[in-house]
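Student: predicted model follows, preceded by the sequence.
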Amino acid sequence: GVLIGVPSPFHTTHIFKYSYLPFHQIRMSSHVVGQNIDKLRFDWGVTDIEKQTESLMQTLKEVKDSVANVKPENISFQTVVQPIINYDTLSGVISSNLTFPSQTSTDKAIRDASTSANTKYNNFSIDQDMREDVYKVFKQYTDKNEALGPQEQRFLDKVMRGFRRSGLHLPEDQRKQVQEMFKQISEKSIAFQKNTTEDNSKVLLTADDLEGVPADVIKGFKTETHDGVNKYVVTMKYPDVFPALKYSKKEATRKTLEKCFASRCKDQNTPLLEEVVSLRHKLANILGYPTHSDYVLEIRMAKTSDAVQKFYQQLRPKLAALAATELQTMLQLKKEETGDKFDGKINSWDFSYYDRIVNEKMYSVNEQEIKEYFPLEKVVKGTLDIYQQLLGLKFVEVEKPHVWHHEVSAYQVFDKDSDKLIGHFYMDLFPREGKYGHAAAFPLQRGCELPDGSRQLPSSAMVCNFVKPLPDTPSLLKHDEVETFFHEFGHIMHGICALAKYSRFAGTSTERDFVECPSQMLENWCWDKEILKRISAHYKTGEPLPDSIVDKMIAAKNANSGMLNLRQVFYGFFDQTIHTRDHIDSASLYNQLKKEITLTEGQEDTNGAASFGHLMGGYDASYYGYLYSKVFSADMFDQFDKNGIMNPSIGKKYRDTILAPGGSKDGDEMLRDFMGRDPKMEPFLHSIGLQSFN
């Protein structure tokens with residue numbers, strides 16, 4: 001599945017990205033539920049959200065006015081830059097109070113109010129960020145060339161780059177055009193995300209339709225009676241649709257499910273995506289860039305669209321050769337199963353079904369058997385123990401915390417050596433209606449220095465959608481879900497362990513093609529025999545995974561890795577392709593590239609792009625980063641692999657050089673600090689079953 005790593009609460013394109021209301025203006029509600037462990041509020045109603053949005057906008061205007069009105073003789077870092085730093089720092093938490101409910105609240109009225117607040121604030125802040133009077137004052141200060149500390153200089157450089165990338169250097173008529181286009185992109189992106197979050201597509205199926213689907217999965221489906229026939233409701237939420245696609249023996253059932261899944265939000269989101277692609281292209285041209293991809297990649301590690309294309313040109317043929325062999329194996333299995341009805345193809349609705357059969361028949365790996373060893377409670381405890389040991393931390397669960405839903409848990413994080421409190425995190429792990437549908441880490445309160453020199457502690461939320469426990473069975477995770485848990489918790493630790501001075505560089509505020517790297521590296525722990533035993537316990541016997549199963553799992557690690565990685569190439573290539581064009585037919589292009597790259601064919605009258613949230617949620621022209629950053633993560637893991645994966649000195653070095661800087665250094669500099677050299681491609685190639693590009 002496509003998972004979003006670290007979405008920002010605001011999907012912004014404007015300059016001052018984390019700007020909200022100072023704490024002294026927050027009105028706390030009187031009906032506090034639970035113990036507050038930070039400055040966050042999860043009990044604001046519609047009126048609270050509306051009032052705080054207005055107040056926040058007023059504060060933003062006052063800060064910008066104060067900068068714009070600085071007289072030339074008084075221009076200094078303290079009068080021009082520091083007010084913006086303070087605003088970022090003191091007000092960031094309010095953005096979470098206002099916008100996080102759109103992803104997690106059980107009350108649709110609150111979700112709608114939260115989405116409206118997002119739209120309203122974004123439009124207002126775009127106006128404020130396009131103020132020529134503020135730009136001129138910053139330009140005058142920059143021209144003084146004062147000597148600054150490294151983080152101060154980095155902050156100033158990024159603000160000035162933001163002004164240029166927002167068109168403040170352009171003539172007034174073009175500035176107004178840019179301003180309006182930023183607003184349109186923002187509004188349409190927020191609407192797109194709202195549609196995907198609110199999607200309630202479903203398929204009604206009989207027990208006969210669901211032949212092959214495990215009983216524990218079927219037990220989790222709701223039921224409805226139609227014309228006297230009892231039918232199961234299969235939603236398009238991951239815990240419903242993925243197992244159904246993986247296990248349904250009947251091809252007609254898989255085809256129906258896949259069509260529904262690939263048609264989510266098609267009618268509402270297709271025009272929004274296509275309009276935004278055209279707007280982004282026009283905007284990039286006005287700002288002096290050939291394409292939107294070039295505009296985006298200027299501030300990524302890859303730097304240019306040519307570098308991304310070269311990466312794909314090197315990788316894709318190798319993966320395609322590997323995938324061709326894997327495809328033949330799948331086709332043979334399908335032929336054996338379907339006999340006279342064999343169509344000679346692995347279709348999009350076949351892939352996960354035959355991927356499972358390859359694992360079962362070629363490697364004797366049985367997912368249903370394996371997941372019995374991964375009850376969620378054991379995985380959580382084992383994972384938390386490993387992170388505490390590896391990073392020198394101590395977690396303490398908070399009793400009766402102030403949270404947004406009764407299923408949410410909260411923890412304090414202490415540095416083990418000093419016993420000093422360094423942050424908090426929340427875990428919201430089960431699906432519910434209206435909740436964000438993927439797996440992600442949300443940075444809710446950013447760790448940074450406060451104006452008085454004290455430190456604001458970070459708080460992050462891990463939001464996932466694992467299968468809910470049943471009366472007679474706990475929540476059991478598939479191994480790839482265990483990987484997901486490790487990955488997302490890696491983002492949480494990045495937010496907690498970062499020590500950057502300023503909010504703008506807090507935690508995961510790194511280049512988008514680096515941000516996945518620390519978490520991807522930690523997925524490797526899920527393939528180590530000793531770690532697998534630590535995080536597993538059969539839900540009936542308490543026994544850890546036996547060696548016989550672990551050995552088969554590790555042997556099957558790269559099963560179908562060619563085809564699986566080609567799917568990632570497809571998502572990234574589609575993203576790059578649409579963002580190098582001035583207009584698109586997204587459904588046609590999506591299905592054409594899917595067939596060409598993944599070797600599996602989609603269905604007519606579908607559009608997977610309409611629910612591809614990354615395209616409108618901050619990963620536009622950046623999805624390549626998932627594979628690109630795996631090159632770095634595999635190379636980083638090599639350092640652990642050679643020295644012991646629980647080696648405390650390597651763990652400390654990783655915490656100090658990769659996590660602690662946050663976004664205060666460039667990704668390539670952090671990698672050199674950790675490894676003592678430039679990254680190499682070989683560990684990545686080896687990790688996916690390839691040897692070299694030569």
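Tutor: Right, received. Where do you want to start?
Student: hey, where'd the helices end up in the stretch 451-600 of the chain?
Tutor: In the stretch 451-600 of the chain, the helices defined using DSSP state H, counting those that start in this stretch lie at 479-497, 517-523, 529-534, 547-555, 561-578, 586-598.
Student: also the stretch 201-350 of the chain?
Tutor: Using DSSP H, counting those that start in this stretch, helices in the stretch 201-350 of the chain cover 215-219, 238-247, 251-262, 266-286, 292-297, 305-338.
Student: poorly predicted segments of the protein, please.
Tutor: Applying pLDDT under 70 to the chain flags residues 1-33, 691-694.
Student: and the closest residue to residue 206 other than its chain neighbours, how many neighbours?
Tutor: What sits nearest to residue 206 in space, not counting adjacent residues and going by CB to CB, 6 or more residues apart in numbering, is residue 231, at 5.8 Å. (Each C-beta comes from the backbone N, C-alpha and C, glycine too.) Neighbours of residue 231 under the rule other CB atoms under 10 Å: 19.
Student: pretty sure residue 231 contacts residue 208?
Tutor: No: here residue 231 does not reach residue 208: they are 10.6 Å apart, not a contact under CB atoms under 8 Å.
Student: and the helices of the stretch 451-600 of the chain: which comes nearest residue 371?
Tutor: Closest approach to residue 371 among those (CB to CB): helix 479-497, 7.4 Å.
Student: buried set for the closest one?
Tutor: Judged by neighbour count (16 or more other CB atoms under 10 Å), helix 479-497 contains these buried residues: 479, 481-497.
Student: ditto for stretch 422-434
Tutor: For stretch 422-434, burial by neighbour count (16+ other CB under 10 Å) applies to 422-431, 434.
Student: ok, stretch 110-124 next?
Tutor: Neighbour counts over stretch 110-124 (16+ other CB under 10 Å) mark 110-124 as buried.
Student: if we can go back for a sec, okay, the helices of the stretch 451-600 of the chain in JSON lines with distance to residue 449 next?
Tutor: Formatted as JSON lines, these follow (distance: least, CB to CB, whole Å):
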{"stretch": "helix 479-497", "distance to residue 449": "16"}
{"stretch": "helix 517-523", "distance to residue 449": "22"}
{"stretch": "helix 529-534", "distance to residue 449": "36"}
{"stretch": "helix 547-555", "distance to residue 449": "45"}
{"stretch": "helix 561-578", "distance to residue 449": "36"}
{"stretch": "helix 586-598", "distance to residue 449": "44"}
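Student: to residue 302, which of those helices lies closest?
Tutor: Closest approach to residue 302 among the helices of the stretch 451-600 of the chain (CB to CB): helix 561-578, 10.4 Å.
Student: tell me how far that closest one lies from the chain's centre.
Tutor: Here helix 561-578 shows a centroid-to-chain-centroid distance of 17 Å under the convention CA atoms, centre = their mean, to the nearest Å.
Student: by contact count, what packs against it?
Tutor: Helix 561-578 makes packing contacts with helix 305-338, helix 351-363, helix 586-598, helix 625-643 when contacts are defined by 3 or more CB pairs under 8 Å, 6 or more residues apart in numbering; DSSP states H and E.
Student: okay, those helices, which one's buried deepest?
Tutor: A comparison of the helices and strands packed on helix 561-578 by mean neighbour count, using mean count of other CB atoms under 10 Å, puts helix 625-643 on top with a mean of 21.
Student: got the CA positions of that helix in PDB?
Tutor: Taking C-alpha atoms only, helix 625-643 is exported to PDB below (Å, rounded to 0.1, in the frame of the first residue of the first chain):
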ATOM      1  CA  GLY A 625      11.700  10.100  -2.700                       C
ATOM      2  CA  TYR A 626      10.400   6.900  -1.300                       C
ATOM      3  CA  LEU A 627      12.700   4.800  -3.500                       C
ATOM      4  CA  TYR A 628      15.400   7.500  -3.800                       C
ATOM      5  CA  SER A 629      15.800   7.700   0.000                       C
ATOM      6  CA  LYS A 630      16.000   3.900   0.200                       C
ATOM      7  CA  VAL A 631      19.400   4.200  -1.300                       C
ATOM      8  CA  PHE A 632      20.500   6.200   1.700                       C
ATOM      9  CA  SER A 633      18.600   4.100   4.300                       C
ATOM     10  CA  ALA A 634      20.100   0.800   3.000                       C
ATOM     11  CA  ASP A 635      23.600   2.400   3.200                       C
ATOM     12  CA  MET A 636      22.900   3.700   6.700                       C
ATOM     13  CA  PHE A 637      21.700   0.300   7.800                       C
ATOM     14  CA  ASP A 638      24.900  -1.200   6.600                       C
ATOM     15  CA  GLN A 639      26.700   0.600   9.400                       C
ATOM     16  CA  PHE A 640      24.400  -1.200  12.000                       C
ATOM     17  CA  ASP A 641      24.600  -4.500  10.100                       C
ATOM     18  CA  LYS A 642      28.400  -4.600  10.300                       C
ATOM     19  CA  ASN A 643      28.500  -3.500  14.000                       C
END
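Student: and it, what does it pack against?
Tutor: If contacts are counted by 3+ CB pairs under 8 Å, 6+ apart, helix 625-643 sits against helix 305-338, helix 517-523, helix 561-578, helix 648-654, helix 667-675, helix 682-687.
Student: output these as CSV; include the columns distance to residue 261.
Tutor: Below are the helices and strands packed on helix 625-643 laid out as CSV (distance: least, CB to CB, whole Å):
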stretch, distance to residue 261
helix 305-338, 20
helix 517-523, 25
helix 561-578, 14
helix 648-654, 37
helix 667-675, 34
helix 682-687, 29
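Student: hmm, residue 237 and residue 200 touching each other?
Tutor: No: using CB under 8 Å, residue 200 is not in contact with residue 237; the gap is 9.3 Å.
Student: between those two, tell me which one has more neighbours.
Tutor: Counted by other CB under 10 Å, residue 200 and residue 237 do not tie: residue 237 has more neighbours, with 19 against 10.
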